[in-house]
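A.B. asks: quick one, what's the 3D model for this:
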Amino acid sequence: MKYIYTVFMLALALLQAHQASAQAVTGAGSSAAAPIYRSWAKAYARATGSRVDYDPVGSSAGMKKIQQQAVGFGATDVYPPDKDLIEHGLLALPVAITGISPIVNLPKVQNAQLRLTGEVLSRIFLGEISRWNAPEITALNPETPLPDMPIKVVVRVDGSGTTYNFADYLGKVSPKWKASHGAKTSIQWPEGFLAFKGSDGVAKGVRDTAGAIGYVDFGYVAEYGLASVQMKNAEGVFVKPSIDAFKSALANSEWPATGAFHNTLTQKPGKAVWPITMGTFVVFPKVTQNPEQTTLALKFIIWSFLNGDTLVHENNFVRLPDRVQASAFKAITSIRDKNGTPLGMSLISSSAPLQQ
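C.D. replies: Model prediction:
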């Protein structure tokens, strides 16, 4: 960790030459990751006096904005395919780990009381199970008072990384879901589902609709006073969404061992694992047409990697392992302007050796 910290501090000093204090840092994308960027933005403004404008328009819209270089950074909960990164000249880096929680609004059902399996959850979102007292749900919850009322399914209408990871999980537990939908940022939902824009929209939709079920990033559960559910994981154990359960999924993935982060974190092995865990990513242009804009964004992200661990935990996210952070920083040093000039960061390699 000391090595990473030293390298980051040097990078920050080198980036000072490119900073224009009159401009704000601009970013757009993932609504699931919005709590992190909001917290980082407030802390960054207090520490540096620089403003950060982050627009939680959803992962798909965020990717379009960074492809157009309309913002300093994009944010997505889906690692873009390599062909898309190459085609648009982009660099995607992990920021933190979180989890998707199914949420419900049922009378007399408390937070993390309801139990569901992936198969039952998939059938609800396929529109096949339509009442809360259906045999498939009551069999999993013999001691929970389930109402005789219709299930009102709340979903995302916009292109969403949360939807992608949720669908990726359902495809791993349900062959029918995999065949009909697969993993996509936008789903053609059954008629009658209630569709909202952004994680805030889904959270409010479930909160305000009796009999509702939806899915959001875990950070929204406490913020909106929602009731999450227990899920049966790959080991057959019912678990609640939590920081520790997300950490367990990360620990049982390829990420810490390889420093790579291409694969999703859903349905990983391990008794303590939350099965719908996901990473969230920041995206930069590899060759920037606006060095000033990109440098401001890089400075913000690097500062946040250095100083934002506490805020990551406060927002119910998991910080990156040191090896993954180091891999991310190495990638940042490759960003250049249109003339091929590094944004001051390649000078790191010619500096004095860093202490280990």
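A.B. asks: hey, let's count contacts and neighbours off CA atoms from now on
C.D. replies: Fine.
A.B. asks: all helices for the stretch 1-150 of the chain, in order.
C.D. replies: 2-15, 34-48, 59-67, 82-88, 118-125, 135-138 (DSSP state H, counting those that start in this stretch).
A.B. asks: pull the distance from the longest one to the chain's centre.
C.D. replies: If I follow you right, that is helix 34-48. Computed by Cα atoms, centre = their mean, to the nearest Å, the separation of helix 34-48 from the middle of its chain amounts to 17 Å.
A.B. asks: just give me the neighbour total for Pro35.
C.D. replies: Neighbours of Pro35 under the rule other Cα atoms under 10 Å: 22.
A.B. asks: give me the nearest residue to it, chain neighbours excluded.
C.D. replies: Asn315 (6.4 Å; Cα to Cα, 6 or more residues apart in numbering).
A.B. asks: the one you found: what's it in contact with?
C.D. replies: By Cα atoms under 8 Å, 6 or more residues apart in numbering, Asn315 lies in contact with Pro35, Ile36, Gly219.
A.B. asks: re the thing from before, could you look over the helices of the stretch 1-150 of the chain and pick the most buried one?
C.D. replies: Of all the helices of the stretch 1-150 of the chain, helix 59-67 has the most neighbours on average by mean count of other Cα atoms under 10 Å, namely a mean of 23.
A.B. asks: averaged pLDDT, that one. What do you get?
C.D. replies: Averaged across helix 59-67, pLDDT comes to 96.
A.B. asks: same deal with stretch 193-212?
C.D. replies: On average, stretch 193-212 scores 97.
A.B. asks: same deal with stretch 95-115?
C.D. replies: Regarding stretch 95-115, the rounded mean pLDDT is 96.
A.B. asks: the residue nearest to Pro35 and Leu298, how far apart?
C.D. replies: As defined by Cα to Cα, to the nearest Å, Asn315 lies at a distance of 22 Å from Leu298.
A.B. asks: before we move on, what about Ile243?
C.D. replies: Distance, Ile243 to Leu298, by Cα to Cα: 27 Å.
A.B. asks: with Ala249 instead?
C.D. replies: To Leu298, Ala249 is 28 Å away according to Cα to Cα.
A.B. asks: would you mind telling me which of the two has the busier surroundings?
C.D. replies: Neighbour count, other Cα under 10 Å: between Ala249 and Leu298, Ala249 has more, with 27 against 22.
A.B. asks: how distant is the helix or strand harbouring Ala326 from the center of its chain?
C.D. replies: Applying DSSP states H and E as the criterion places Ala326 in helix 322-332. For helix 322-332, the separation from the chain centroid amounts to 18 Å (computed by Cα atoms, centre = their mean).
A.B. asks: kindly report the same for stretch 215-234.
C.D. replies: For stretch 215-234, the distance to the chain centre is 14 Å (Cα atoms, centre = their mean).
A.B. asks: shouldn't Ala195 be within a strand?
C.D. replies: Yes - using DSSP: H, G, I helix; E, B strand; the rest coil, the assignment for Ala195 is a strand.
A.B. asks: neighbours around it, how many?
C.D. replies: By other Cα under 10 Å, neighbour count at Ala195 equals 17.
A.B. asks: contact partners for it?
C.D. replies: Ala195 touches Val154, Val155, Arg156, Val157, Val202, counting by Cα under 8 Å, 6+ apart.
A.B. asks: let's see 6 Å
C.D. replies: When contacts are counted by Cα atoms under 6 Å, 6 or more residues apart in numbering, Ala195 touches Val154, Val155, Arg156, Val157.
A.B. asks: which ones are touching the last one?
C.D. replies: When the contact criterion is Cα under 6 Å, 6+ apart, the partners of Val157 are Ala195, Phe196, Lys197.
A.B. asks: again with the third one
C.D. replies: Residues near Arg156 by Cα under 6 Å, 6+ apart: Ala195, Phe196, Lys197.
A.B. asks: tell me where the stretch 201-350 of the chain has helices.
C.D. replies: Going by DSSP H, counting those that start in this stretch, the stretch 201-350 of the chain shows helices at 219-223, 243-251, 255-258, 291-307, 309-314, 322-332.
A.B. asks: mean pLDDT and distance to Thr144 added to those helices, as a markdown table?
C.D. replies: What follows is these, written out as a markdown table (pLDDT from 0 to 100; distance: least, Cα to Cα, whole Å):
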| stretch | mean pLDDT | distance to Thr144 |
| --- | --- | --- |
| helix 219-223 | 91 | 20 |
| helix 243-251 | 96 | 24 |
| helix 255-258 | 82 | 38 |
| helix 291-307 | 90 | 43 |
| helix 309-314 | 83 | 31 |
| helix 322-332 | 78 | 42 |
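A.B. asks: nearest to Gln230, out of these?
C.D. replies: When those are compared by Cα to Cα, helix 243-251 sits nearest Gln230, at 11.6 Å.
A.B. asks: what distance do you get for the residue nearest in space to the middle of the chain to Arg123?
C.D. replies: Computing the C-alpha centroid of the chain and ranking residues by Cα atoms, centre = their mean puts Thr280 first, at 3.4 Å. For Thr280, the distance to Arg123 equals 27 Å [Cα to Cα].
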